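Student: sequence first, then the predicted structure:
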Amino acid sequence: MIERLRRSMGIDVHMLGILMTMVNPALNLTKTIAEKIRSRYGGLVFQSELRRDVRLAEAPFHGKSIFDHAPASAGAKAYGRLVEEVLRRVPSLVAPMESATP
């Protein structure tokens, strides 16, 4: 997929990471799949996981982000951890935000 983007659009695209979503840690199958993905892709896999969460499913229905709909929910916290992880992987994103802060 990434190679196809490079060829068709003529841009240099890189994968930032792999995010596991709809995770249900109570299921053995989920644990097995997560282990295989982490074993195969290593550090490319984000540590953050988005678990199944009713609040995450409700937010779009209400036309809100998870941070507006249920900021204390497990889903909002998981997305917050993901943002922190993305910013650690792409330090160049942090500098423009820091300079925009008054």
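Tutor: Perfect, thanks for sending it. Numbers count the residues shown, from 1 in each chain.
Student: for the rest of this, base every contact and every neighbour count on C-alpha atoms.
Tutor: Noted.
Student: so for the one helix or strand residue 31 maps to, mean pLDDT?
Tutor: For residue 31, the host element (DSSP states H and E) is helix 28-41. The average of the pLDDT scores along helix 28-41 is 94.
Student: buried sites along it?
Tutor: By 16 or more other CA atoms under 10 Å, the buried positions in helix 28-41 come out as 34, 38.
Student: mind giving me the packing neighbours of it?
Tutor: Helix 28-41 sits against no helix or strand, with contacts defined as 3 or more CA pairs under 8 Å, 6 or more residues apart in numbering; DSSP states H and E.
Student: and after it, which helix or strand comes next?
Tutor: strand 45-51.
Student: who are the packing partners of that next one?
Tutor: strand 18-23, helix 74-89.
Student: give the partner strands of it in its sheet and their orientations.
Tutor: Next to strand 45-51 in the sheet, as set by DSSP bridges, lie strand 18-23 (parallel).
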